[in-house]
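1. Here you go, sequence then predicted model.
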Amino acid sequence: MKRRITAIAMAAVLGGTAFGVGAAELRVGFTADALTLDPANHRKRETETIIRNMYDGLVTRNASMEVVSELAESWRAVDATTYEFELREGVTFHDGTPLTAEDVRFTFERLTREGAMGGQTSPRKSLLGPLTGVEVVGTRTVRLKLDSPWPILPAMLPFQEIVSERFVKAVGDAALADQVNGTGPFKLVEWRKGDSVIMERFDGYYGGAADIAPVGKACVDRVIFKIIPENASRVAALLSGDVHIINELPAHSIKQVESNPGTRVMAVNGTRSSYIALNNQRKPFDDVRVRKALAHALDRQLIVDKILSGKATLIDGILSPDAFGKNRDLPAHAHDPAKAKALLAEAGYPDGVEATLDVDGAGKDIAEAIAAVASKGGFRIKVVVGEGSTLTKRYRTKGEPIDGDMWLTSWGNGSLDPVGIFEPTHKTAARGNASGYSNAEVDRLLDAANIDTDRAARARMYAEAEAIVNRDLPYVYLWVAQDLYGVSTKVSGWQPSADSRINLHDACVK
């Protein structure tokens with residue numbers, strides 16, 4: 001069996017006819033390999049992008065980022081702590097077994113119960129908040145039970161894919177790392193770790209979300225995610241026709257791709273807020289005047305125009321302009337080097353401030369631009385490039401002392417609800433609080449908004465909290481960049497998604 005799969009995969013990579021004469025193959029040049037193919041055992045967008053082409057969830061998002069039914073035919077809130085889902089009829093896993101409510105129960109218990117994955121607890125557990133129980137009402141009806149109101153549950157469910165209880169119990173939890181039996185439009189042929197993930201169309205596919213046209217089997221016969229981390233190599237593969245879509249198109253390559261007759265650029269508003277985490281626990285950034293001085297020293301729009309080719313929207317708080325609860329009346333800390341120097345002098349630094357800006361390799365150019373621009377406002381900034389996981393351990397300390405001055409980083413928020421970004425980055429000792437910020441009123445507002453079922457009240461609380469952090473400025477808020485893709489003119493029917501998902505169900509290739 002293994003020899004047969006390998007032969008099929010080789011034929012796919014080489015353009016052979018193992019899938020049939022004239023089979024349509026779509027190749028994606030992708031920045032990062034999957035960490036695993038187990039939907040419950042990761043917290044990485046790139047991994048989810050690959051997995052989501054082979055697994056479906058109860059709900060998904062349309063092009064407008066609205067939550068719509070997928071495996072669920074319908075869903076409703078029974079009360080503040082109970083959501084009921086009615087499953088579609090006729091949905092099968094790749095092995096032909098039918099999807100049932102028991103599979104849904106098993107999936108969510110595997111995600112939320114301690115030690116449910118062969119003794120391991122899913123790293124995705126926190127994405128489901130206070131979900132504590134799953135009740136099977138019938139073969140097609142399931143209820144998700146919360147131990148307290150959590151109005152964003154539907155918004156978090158597109159990130160959770162349904163697995164087969166029978167399959168997992170047959171092969172074991174560990175086997176899901178590289179074996180797939182999903183309900184999605186494609187099924188796994190072979191995963192060549194570090195090189196490619198090869199899939200073929202699942203002809204038994206039920207058709208996908210009824211609210212997202214077209215409904216039916218995937219357009220192409222096979223899909224290959226070709227792993228190409230290096231930007232220049234990914235762009236070259238697109239221009240040569242070796243791949244049809246690339247993600248994370250560098251802004252400096254836009255003109256090159258647009259001028260090539262066989263390729264085009266596609267963009268979508270992203271969901272990742274970029275910012276500079278300032279260590280509020282020690283000098284010099286324990287003084288809000290120094291933090292505000294840095295904000296005034298920066299010409300953010302100049303950096304966006306010169307390095308990001310204008311493909312970003314400035315933010316003056318943590319939330320994206322498209323996020324629920326966004327405060328649209330926040331004052332901007334406008335570029336004003338003279339004001340920056342005056343604030344530094346007022347804070348006791350008449351000769352300016354020296355500080356180190358940590359950054360990973362991908363952000364080096366932006367960090368150097370920040371340092372250059374800030375020098376006119378009295379800041380002497382040394383840029384130090386480090387490894388991302390090391391920087392995370394130094395700055396996201398969950399309440400322990402932070403080891404560093406400044407960190408150029410970002411936080412993604414695919415749900416576009418503040419719970420997914422505001423709470424982890426600004427609540428006292430939260431897992432993503434990289435500034436050591438603590439404000440009791442912000443904590444209170446975030447806690448209250450997290451459980452309030454009144455949508456308008458939630459929006460007001462988040463707007464108030466964002467006004468507070470705009471004044472306290474624990475971070476210098478920068479921008480939300482557009483997600484840029486290079487796409488072959490041979491591709492039709494595909495649109496990029498703001499949640500970074502590359503959904504290939506609707507994509508066709510000439």
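-> Everything's here; your move. Numbering: from 1, shown residues only.
2. what's near enough to touch residue 420?
-> 152, 156, 413-414 (Cβ atoms under 8 Å, 6 or more residues apart in numbering). Yep, even glycine has a C-beta here, placed from its N, CA and C like the rest.
3. Settle this for me: residue 367 is touching residue 361, isn't it.
-> No - look at residue 367 against residue 361 with Cβ atoms under 8 Å: they stay out of range, at 10.1 Å.
4. neighbour-wise, which of the two wins?
-> When residue 367 is set against residue 361 and neighbours are counted by other Cβ atoms under 10 Å, the residue ahead is residue 367, at 21 against 10.
5. Show the pLDDT at the more buried one.
-> Each residue has a pLDDT score; the one for residue 367 is 97.
6. Let me see the backbone angles for it.
-> Residue 367 adopts backbone torsions of phi -60, psi -40, taken as degrees, to the nearest 10.
7. how about the strands in the stretch 401-510 of the chain?
-> 406-412, 475-488, 491-492, 508-509 (DSSP state E, counting those that start in this stretch).
8. before we move on, back to that, joint contacts of residue 367 and residue 361?
-> Here residue 367 and residue 361 have residue 385 as joint contacts, going by Cβ under 8 Å, 6+ apart.
9. Show me the shaky parts of the protein.
-> Along the chain, segments meeting pLDDT under 70 span 1-22.
10. Quick one: residues contacting the residue lying closest to residue 96 once chain neighbours are set aside.
-> Once flanking residues are discounted, residue 96 sits nearest to residue 204: 6.8 Å by Cβ to Cβ, 6 or more residues apart in numbering. Neighbouring residues of residue 204 by Cβ under 8 Å, 6+ apart: 92, 94, 96.
11. what does residue 33 give?
-> Here residue 33 is in contact with 46, 193-195, 197, 227 (Cβ under 8 Å, 6+ apart).
12. Most neighbours among those residues, please name it.
-> Result: residue 197 is most packed of those (other Cβ under 10 Å), 27 neighbours.
13. which residue packs closest to that one, ignoring adjacent ones?
-> Spatial nearest neighbour of residue 197, chain neighbours left out: residue 225 (4.3 Å); criterion: Cβ to Cβ, 6+ apart.
14. Specify which member of the contacts of residue 33 is nearest to residue 327.
-> Nearest to residue 327 among the contacts of residue 33 is residue 46, at 30.9 Å by Cβ to Cβ.
15. Can you list the buried residues in stretch 73-86?
-> Buried residues in stretch 73-86, counted by 16 or more other Cβ atoms under 10 Å: 75, 81, 83-86.
16. Now tell me what touches the helix or strand that residue 236 is a member of from outside.
-> Mapping residue 236 onto the secondary structure by DSSP states H and E places it in helix 231-240. With contact meaning Cβ under 8 Å, 6+ apart, helix 231-240 is reached by 29, 31, 226, 228, 243-246, 248-250, 253, 256-257, 260, 262-263, 486, 488.
17. next one: stretch 460-471
-> Residues outside stretch 460-471 that contact it (Cβ under 8 Å, 6+ apart): 316-319, 324-327, 329-331, 418, 422, 426, 437, 439, 441-442, 445-446, 448-449, 452, 475, 477.
18. that older thread, make a markdown table from the strands of the stretch 401-510 of the chain and add distance to residue 344 to it.
-> Output for those, formatted as a markdown table (distance: least, Cβ to Cβ, whole Å):
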| stretch | distance to residue 344 |
| --- | --- |
| strand 406-412 | 15 |
| strand 475-488 | 15 |
| strand 491-492 | 51 |
| strand 508-509 | 56 |
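19. hey, which of those strands is tucked in deepest?
-> Among the strands of the stretch 401-510 of the chain, the stretch with the highest mean neighbour count (mean count of other Cβ atoms under 10 Å) is strand 475-488, at a mean of 23.
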